[in-house]
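Novice: please find the sequence and the predicted model below.
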Amino acid sequence: MKDTYDVIVIGSGPGGLAAAAEAKKAGADAVLIIERDVELGGILLQCIHNGFGVEVFGEDLPGPAYAQRFIDEVEQLGIDVLLDTMVLDVTPDRKIYATGTRSGFSELQARALVMAMGCRERTRAQIRIPGMRPSGVYTAGTAQRWVNVEGYMPGKRVVILGSGDIGMIMARRLTFEGAKVERVLEVMPYLTGLSRNYVQCLLDFDIPLQLRHTVKRVLGRDRVEAVEAVAVDERWQPIPGTEEIIPCDTLLLSVGLIPENELSEKAGVRLDPVTGGPYVDERYQTSVPGIFAAGNVVHVYDLVDWVTEAGMAAGREAAAYALARSTVAPTYVRTTPGEHVRYVVPHRVNPQRLQESEVRLQMRVTTPLEQAVWIKVEDGDTLIARQGARYARPGEMVNLTLRPRDFERVRQAQELRVSVVPR
């Protein structure tokens with residue numbers, strides 16, 4: 001172990017592993033991964049279903065197999081690893097204070113730092129479900145770890161609140177293991193996860209989905225005995241007379257993910273109130289020079305492959321910063337959400353990057369648009385780029401790629417306003 005590293009990566013999920021490996025390959029001599037768990041891989045280790053790697057490897061892999069490819073690469077590259085180690089504090093000048101069961105207390109200095117802490121699930125307390133506090137109420141991710149890693153079943157008769165991807169995947173998984181999934185309730189009028197998971201995990205197993213419904217209260221003293229479901233109106237208020245008691249012994253929550261940015265705040269990184277993640281440029285550098293962020297810590301992705309690609313980009317740029325390859329301060333053009341767009345990442349773009357490579361803008365829409373749409377980038381009345389799509393849904397990320405041919409228009413722009421509109 002060293003006291004000073006060229007690049008330190010916090011977190012060893014798909015983003016962190018990719019960032020560390022890419023930083024090493026980009027010339028960073030000393031690279032360290034700090035992971036609070038006892039093994040590398042992050043959440044991928046409990047995602048035993050397929051669907052990973054199609055874009056990165058051209059193969060359809062389960063989560064552990066996907067993670068293992070990067071774990072093997074990290075070992076082959078000779079990257080240092082601190083496992084079972086919790087980062088306590090990060091300063092704006094990239095000093096890290098951590099403590100681990102084997103390493104004890106560590107004070108480390110990074111020439112460049114990559115934040116790759118991922119995200120966490122919303123809990124019952126955060127969505128304020130009334131009722132008693134019996135056993136049997138879990139987040140979907142907790143149930144996933146129990147079933148796939150620990151070998152325990154959370155229950156036999158299940159209701160799932162939220163149509164997020166983890167919830168739908170667990171509906172199928174629990175059905176495989178013999179549980180009865182009574183239904184999935186979703187407070188929004190549309191699906192919040194991927195359509196493919198709705199088809200493969202709910203429709204294929206005849207698991208009903210009720211939109212505009214939520215759990216009004218949990219029934220049971222020592223163990224969940226039932227939940228009271230209710231329909232909601234346009235303002236998410238319960239509609240009297242629509243209550244229904246659904247007997248069950250387990251309630252799983254799949255009600256959203258929150259980027260894990262307590263350490264980012266300690267480092268002085270500015271956060272976007274919409275995404276909950278850092279403001280980043282097209283290189284994934286945050287508002288603090290030398291601190292980069294990649295993956296679900298920035299915003300919640302649909303595909304692990306995209307998290308990996310972001311990690312690779314952040315790792316390359318962190319290595320370049322650590323090795324002082326660029327001393328010219330970039331000039332940025334900010335991106336802003338336009339019609340039907342909730343947010344856009346990256347939050348700012350250096351036009352000069354378009355002379356070297358493409359820049360991908362990623363966004364989520366505010367409402368489903370089930371007809372053909374245009375994804376447009378404009379500066380006032382000037383159209384900079386446009387791309388078509390068959391539809392746009394809040395549960396599925398929308399992408400638009402700026403290409404070298406767009407350089408001159410981007411360079412002259414005051415802002416890049418991104419909209420998604422019907423054709």
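Specialist: Done, it's in.

Novice: continuing past the lengthiest helix in the chain, what's the next helix or strand?
Specialist: In the chain, with assignment by DSSP state H, the single longest helix is helix 304-322. Read in the C-terminal direction, the helix or strand following helix 304-322 is strand 333-337, with elements assigned using DSSP states H and E.

Novice: chain center to the helix-or-strand element of the chain with minimal mean pLDDT: distance?
Specialist: Every helix and strand of the chain was ranked by mean pLDDT, DSSP states H and E. The lowest is helix 124-127, at a mean of 92. Chain-centre distance of helix 124-127: 19 Å, with C-alpha atoms, centre = their mean, to the nearest Å.

Novice: output the contacting helices and strands for whichever helix or strand comes after that helix.
Specialist: Beyond helix 124-127 on the C-terminal side, the first helix or strand identified by DSSP H and E is strand 137-139. Packing contacts for strand 137-139, counted by 3 or more C-beta pairs under 8 Å, 6 or more residues apart in numbering; DSSP states H and E, involve strand 250-253. (Glycine included, C-beta is placed from N, CA and C.)

Novice: could you give me the average pLDDT of the strand it packs on?
Specialist: Mean pLDDT, computed over strand 250-253, is 98.

Novice: pLDDT of the following helix or strand past it, averaged?
Specialist: For strand 250-253, the succeeding helix or strand toward the C-terminus, using DSSP H and E, is strand 257-259. Per-residue pLDDT values over strand 257-259 give a mean of 96.

Novice: about what we covered before: now the least confident helix or strand of the chain: buried residues?
Specialist: Along helix 124-127, these residues count as buried under the neighbour rule (16 or more other C-beta atoms under 10 Å): Arg124.

Novice: how about residues contacting it?
Specialist: The list of residues contacting helix 124-127 from outside it, by C-beta atoms under 8 Å, 6 or more residues apart in numbering, reads Val137, Leu253, Val255.

Novice: nearest to Arg173, of the residues you listed?
Specialist: Checking the contacts of helix 124-127 against Arg173 with C-beta to C-beta, the nearest one is Leu253 at 15.5 Å.

Novice: thought that closest one was touching Val137?
Specialist: Yes - when contacts are counted by C-beta atoms under 8 Å, Leu253 is listed as touching Val137 (7.2 Å).

Novice: how about the nearest residue to Glu378 once chain neighbours are set aside, secondary structure?
Specialist: Closest residue to Glu378 in three dimensions, ignoring its sequence neighbours and counting by C-beta to C-beta, 6 or more residues apart in numbering: Arg417, at 5.0 Å. When the structure is reduced to helix, strand and coil (DSSP: H, G, I helix; E, B strand; the rest coil), Arg417 reads as strand.

Novice: so who does Arg417 touch?
Specialist: Contact partners of Arg417, counting by C-beta under 8 Å, 6+ apart, are Thr335, Thr336, Pro337, Gly338, Val377, Glu378, Asp379, Gly380.

Novice: can you name the two of these that are farthest apart?
Specialist: When those are compared pair by pair using C-beta to C-beta, the farthest-apart members prove to be Pro337 and Gly380, with a separation of 15.7 Å.

Novice: who has more neighbours, the two?
Specialist: Pro337 (18 against 9; other C-beta atoms under 10 Å).

Novice: separation between that one and Val373?
Specialist: For Pro337, the distance to Val373 equals 15 Å [C-beta to C-beta, to the nearest Å].

Novice: can you name every helix or strand that the helix or strand Val114 falls within contacts?
Specialist: Element membership for Val114, per DSSP H and E: strand 104-115. Based on contacts counted as 3+ C-beta pairs under 8 Å, 6+ apart, the elements that strand 104-115 packs against are strand 4-10, helix 14-25, strand 95-100, strand 291-293, helix 304-322.

Novice: got a markdown table for those, with mean pLDDT too?
Specialist: Written out in a markdown table, the entries for the helices and strands packed on strand 104-115 read as follows (pLDDT from 0 to 100):
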| stretch | mean pLDDT |
| --- | --- |
| strand 4-10 | 98 |
| helix 14-25 | 98 |
| strand 95-100 | 98 |
| strand 291-293 | 98 |
| helix 304-322 | 96 |
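
Novice: quick check: which of these is nearest to Gly58?
Specialist: The closest of these to Gly58 is helix 304-322. By C-beta to C-beta, the value is 10.4 Å.

Novice: now the host helix or strand of Val420 and strand 333-337, what's the angle there?
Specialist: Under DSSP H and E, the secondary-structure element containing Val420 is strand 415-422. Here strand 415-422 points in a direction 30 degrees away from that of strand 333-337 (axes from the mean of the first three to the mean of the last three C-alpha atoms, to 10 degrees).

Novice: next, the buried residues of strand 415-422.
Specialist: Applying a neighbour-count criterion of 16+ other C-beta under 10 Å, the buried positions in strand 415-422 are Leu416, Arg417, Val418, Ser419, Val420.

Novice: picking that back up, just so I know, which of the helices and strands packed on strand 104-115 lies nearest Arg157?
Specialist: Nearest to Arg157, of all those, is helix 304-322, at 31.1 Å by C-beta to C-beta.
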